[in-house]
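J.: Here is the input, now give the coordinates:
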Amino acid sequence: MILESKNLKLKPVTDEDYNSYRQIKPSEEFYLMVGSDPTQSIFLDDNKIKESFGKLKGKKHYWLVYLASEIIGVAFLHSFDEVDRRARYAVGIYNEKHWNKHYGEEITHKVLEYAFKKLNLHRVDLRVLEYNKRGIACYERCGFSTEGVLRENAFINNEWHNDILMSILFHEYVVRK
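T.: Reported below is the predicted structural model:
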């Protein structure tokens with residue numbers, strides 16, 4: 001399902017997205033914020049790009065985020081549990097030229113609307129690295145509450161870092177709307 005907001009289009013991954021996907025050049029800070037190593041980026045190798053794209057294509061609840069004709073990020077609901085009506089959320093905006101424009105909020109609001117109104121979820125949670133202050137602020141503005149800290153849960157650049165566990169429940173979402 002395509003999700004559209006004021007500025008953005010969240011589109012399930014299809015073959016027609018491949019050429020745009022190949023052009024993605026995430027910033028080094030993007031990798032740091034998601035806990036990855038930029039030297040291991042899939043975007044450095046054509047075979048890895050094809051493999052990664054193939055894994056995304058056709059996945060339920062995964063979207064490429066377009067600003068006009070440019071892919072600026074990705075959003076997805078994963079660890080989906082239909083019985084308990086919950087999912088884990090992740091979003092990333094690849095390049096700093098699109099940061100501080102509230103696109104993360106715009107994306108998150110659309111995904112939460114879809115999660116709660118279309119999928120009838122009760123809970124959406126996420127993990128965010130403690131040093132990702134911009135991400136935490138975005139999630140708080142979207143109604144997520146901190147539930148706890150996963151201490152030294154991520155090993156990045158030869159150091160241990162904490163993950164913050166955050167969530168929003170259906171009734172909290174409804175009150176905000």
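J.: switch to C-alpha atoms for all contacts and neighbour counts from now on
T.: Fine.
J.: quick one: the residue of the chain positioned farthest from its centre from E152, how far?
T.: Most distant residue from the mean C-alpha position of the chain: N158, 24.4 Å away (CA atoms, centre = their mean). When distance is defined by CA to CA, to the nearest Å, N158 is 12 Å away from E152.
J.: what sits against the nearest residue to N157 once chain neighbours are set aside?
T.: Nearest residue to N157 in three dimensions, chain neighbours excluded: D37, at 7.8 Å (CA to CA, 6 or more residues apart in numbering). Neighbouring residues of D37 by CA atoms under 8 Å, 6 or more residues apart in numbering: Y31, I156, N157.
J.: Just the buried ones from those residues?
T.: Among those, those classed as buried by neighbour count (16 or more other CA atoms under 10 Å) are Y31.
J.: What is the neighbour count of A137?
T.: The local packing of A137 (other CA atoms under 10 Å) involves 12 other residues.
J.: Do you know the pLDDT at it?
T.: The per-residue pLDDT reported for A137 equals 97.
J.: and it, what helix or strand is that in?
T.: When secondary structure is defined using DSSP states H and E, the element that contains A137 is helix 133-141.
J.: Test my guess that H122 contacts F116.
T.: Yes. The pair H122 / F116 is scored as a contact, 6.9 Å apart, by CA atoms under 8 Å.
J.: joint contacts of the two?
T.: When contacts are counted by CA under 8 Å, 6+ apart, H122 and F116 have F170 as shared neighbours.
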